[in-house]
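Asks: here is a sequence together with a model predicted from it:
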Amino acid sequence: MTQTSLKVRRSLIDIQNDFTSGKDKDPLEKLMVAWQFIKSLPASDPNSFFALGGYHGEPFAGRGSYDVANYWGGYCNHGNILFPTWHRVYLHKLEKALQSVPGCDSVMLPYWDQTYKITGKDGNLTYLGIPSCLTDEYFTFKDGITIPNPLKSFTLPLALQDSGEVNLYTKPQGYETVRYPLSGLVGTPEAAAASKVNNSAYYIAGTNIIDNALTTSLLNGNVLGWLSGSEMQPGATPSDPQAPIGEPDGVDAGYHLSLDAPCYTVFSNSTSVTQWNKDVANWNKEHPKQLKPLTQALENPHGEIHLAVGGINAPTQDADPNSPNPFLPAADANGDMGENETAGLDPIFFFHHCNVDRIFWMWQVKHKSTNNIDISVPQLSATTIAAGPYPGTNNINNQPPTGYEPTEQLTMESPLYPFKLVENGVERNYQSKDVFNIEKQLGFTYDNLSLDNTDGMAKTLKAIAVAKAKPAPVHKSNKVLIVDGINRAKINGSFVVLAYATINGNRYYLGSHAVLSRWRVVACKNCMINLEVTAIFSLYRFSESELQHAIYDVQIQGRSGNATEFAKFTVANQANFTKSVSASASGTIAANSTLMKTAIASHDTGIHHKNPFKLQVV
């Protein structure tokens, strides 16, 4: 296929700008027509949005629809090497459905360029955020006809009442998907009442109608907070910025860092990159003159966007008086993008994942992996090889999606359920190797392979120059803090791990680790045993003497209803603090001891349990 015959996926921002300026209204109009059409199809139609959106999570299929103790009922792959390729095929199928709409054969799925920046009045760059065509209530065509915006939400034609789900997460027929700061928990009278209280805070005065301008502003503010991360946190000084390096704090930094991942397996998923960064930390400890950088997987910042849209505040935003979102809602926001069960039923999911796929293609081009993908991992530690298959090349640490077994070894020839193609007259499931090269195998390309796109205004050049002139941070240490042993099977819904260090009375924010999860992980026996979260935070800006006196604490920020589980972290942090202070007074460096495993008991709360997390400084 020649380059000129390739179809092109464009930036949704550019398409919207062309429509607004009058340069070319057809692409956005046809996109709206196609989306409206597939959303209106009967649920039984394979091209309907309900059928396609439901492949990701609910409605469940296969063994996961009845054997909830052992299997995940959705088809989506997360936490393993099939994450990028499964979602690539998923987008391709949705795109084909859009092109099947009469008069819309030229429609391509655009990407939401999340790192796109515009020039402010002061000449500095700031993130645009979500294009308004994804949040506007209505869309008006050039002929004056106005329709409800098909990209804003989706109304379920059938109820979602899957076996094994917690009742509060069931969704009735007629339910309309919501985003931050709204709540969509309506499965029980109690949950519905709590959601009504939360959502009523955003009513237009004197009505029971949601103020779309207000909620859109809050949503965009939260997205901007997740994109930029926390460059300045309470306790910081202008000469000591708090943004971590190595374990980036912010979606933008995470996307950029993922492009430097040394191999596909590490780039592809959160499970593999965690093992890699552990090995790197140990390598750096043993080879101080041959230091290797920490890296990031594409799946990590991808998950942060899910949480940003799906109802979890940007990390530490509540504590920041200069937050881009001054009207912070309570923890009761529960948007559908925030959990895997319903994420695929919000149209914004596909524009987000189109951008994720674009970054996947960027990595392939940069690492000369457009025609073949090697899943081998460079050896850093002998223990990694001895331990068996590399983490993330099977589903041992994850609830296997429909069609897979926990110990099944995954390869680039593993079937990508439920998607099928016809080869030589025979139908078979897609495999990753069928979609390595988007140009040669799928017939399309992306119009732009940059994470640094701007509005192109003249002031932008000044802003870029100012940004580049910022002094590089001073690295005082190569050590990292490893937070281990958090079992997400005990936490309902998605959440964020935040780490802090208190040194000489000052509390410093170390960074955050987002976990895109589901509501009913506790039903999975395999998950209860194996599904632990590990987060790694760089300690680059602290000297060795400062680290010797550091006291670390961990917080979980997540869905309401987890108070009992989250309280364990409060108790454990207090015990860690007491232990560290006592040891420090006796001359022992407690903060840098190997593994802190302590049985915790709180006489004040009556909670007795083992420490819900382990800390290690390497």
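Replies: Arrived safely, thanks for sending.

Asks: helices of the stretch 251-400 of the chain, start to end?
Replies: Assignment of helices within the stretch 251-400 of the chain using DSSP state H, counting those that start in this stretch yields the ranges 251-258, 264-268, 270-286, 299-310, 348-366, 382-386.

Asks: of the ones you listed, which approaches Gln409 most closely?
Replies: Each of these was scored for nearness to Gln409 using Cβ to Cβ, and the closest is helix 264-268 (12.7 Å). Where you see a C-beta, it was placed from the backbone N, CA and C, and this is true even at glycine.

Asks: check which helices and strands that closest one sits against.
Replies: Secondary-structure packing of helix 264-268 (3 or more Cβ pairs under 8 Å, 6 or more residues apart in numbering; DSSP states H and E): helix 83-99, helix 270-286.

Asks: how about stretch 8-15: buried residues?
Replies: Applying a neighbour-count criterion of 16 or more other Cβ atoms under 10 Å, the buried positions in stretch 8-15 are Arg9, Arg10, Ser11, Leu12, Ile13, Asp14, Ile15.

Asks: whoops, stretch 205-222 was the one
Replies: Ile210, Asn212, Thr215, Thr216, Ser217, Leu218, Leu219, Asn220, Gly221, Asn222.

Asks: need the residues you listed in TSV (columns: secondary structure, distance to Val280 and pLDDT).
Replies: Written out in TSV, the entries for the buried residues of stretch 205-222 read as follows (DSSP: H, G, I helix; E, B strand; the rest coil; distance: Cβ to Cβ, whole Å; pLDDT from 0 to 100):
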residue	secondary structure	distance to Val280	pLDDT
Ile210	strand	46	96
Asn212	helix	46	97
Thr215	helix	41	95
Thr216	helix	41	96
Ser217	helix	40	94
Leu218	helix	38	92
Leu219	helix	36	95
Asn220	helix	35	95
Gly221	helix	35	91
Asn222	helix	31	92
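
Asks: now distance to Arg541 too, for those residues, in JSON lines please.
Replies: Below are the buried residues of stretch 205-222 laid out as JSON lines (distance: Cβ to Cβ, whole Å):
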{"residue": "Ile210", "distance to Arg541": "43"}
{"residue": "Asn212", "distance to Arg541": "42"}
{"residue": "Thr215", "distance to Arg541": "37"}
{"residue": "Thr216", "distance to Arg541": "36"}
{"residue": "Ser217", "distance to Arg541": "34"}
{"residue": "Leu218", "distance to Arg541": "32"}
{"residue": "Leu219", "distance to Arg541": "32"}
{"residue": "Asn220", "distance to Arg541": "30"}
{"residue": "Gly221", "distance to Arg541": "27"}
{"residue": "Asn222", "distance to Arg541": "27"}
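
Asks: from the residues you listed, pick the one nearest His475.
Replies: Checking the buried residues of stretch 205-222 one by one against His475 (Cβ to Cβ), the nearest turns out to be Asn222, at 30.9 Å.

Asks: thinking the closest one is in contact with Tyr180, fair?
Replies: Yes - Asn222 lies in contact with Tyr180 (Cβ atoms under 8 Å); the separation is 5.3 Å.

Asks: any shared contact partners between those two?
Replies: Shared contacts of Asn222 and Tyr180, defined by Cβ atoms under 8 Å, 6 or more residues apart in numbering, are found at Ala308.

Asks: so where do the strands sit in the stretch 401-550 of the chain?
Replies: Under the criterion DSSP state E, counting those that start in this stretch, strands of the stretch 401-550 of the chain are mapped to 415-423, 426-431, 444-446, 480-487, 495-503, 506-515, 532-538.

Asks: can you lay out those strands as JSON lines showing mean neighbour count, distance to Arg88 and mean pLDDT?
Replies: Formatted as JSON lines, these follow (neighbours: other Cβ atoms under 10 Å; distance: least, Cβ to Cβ, whole Å; pLDDT from 0 to 100):
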{"stretch": "strand 415-423", "mean neighbour count": "15", "distance to Arg88": "9", "mean pLDDT": "96"}
{"stretch": "strand 426-431", "mean neighbour count": "14", "distance to Arg88": "9", "mean pLDDT": "97"}
{"stretch": "strand 444-446", "mean neighbour count": "18", "distance to Arg88": "11", "mean pLDDT": "98"}
{"stretch": "strand 480-487", "mean neighbour count": "21", "distance to Arg88": "30", "mean pLDDT": "88"}
{"stretch": "strand 495-503", "mean neighbour count": "22", "distance to Arg88": "27", "mean pLDDT": "89"}
{"stretch": "strand 506-515", "mean neighbour count": "22", "distance to Arg88": "22", "mean pLDDT": "88"}
{"stretch": "strand 532-538", "mean neighbour count": "23", "distance to Arg88": "26", "mean pLDDT": "89"}
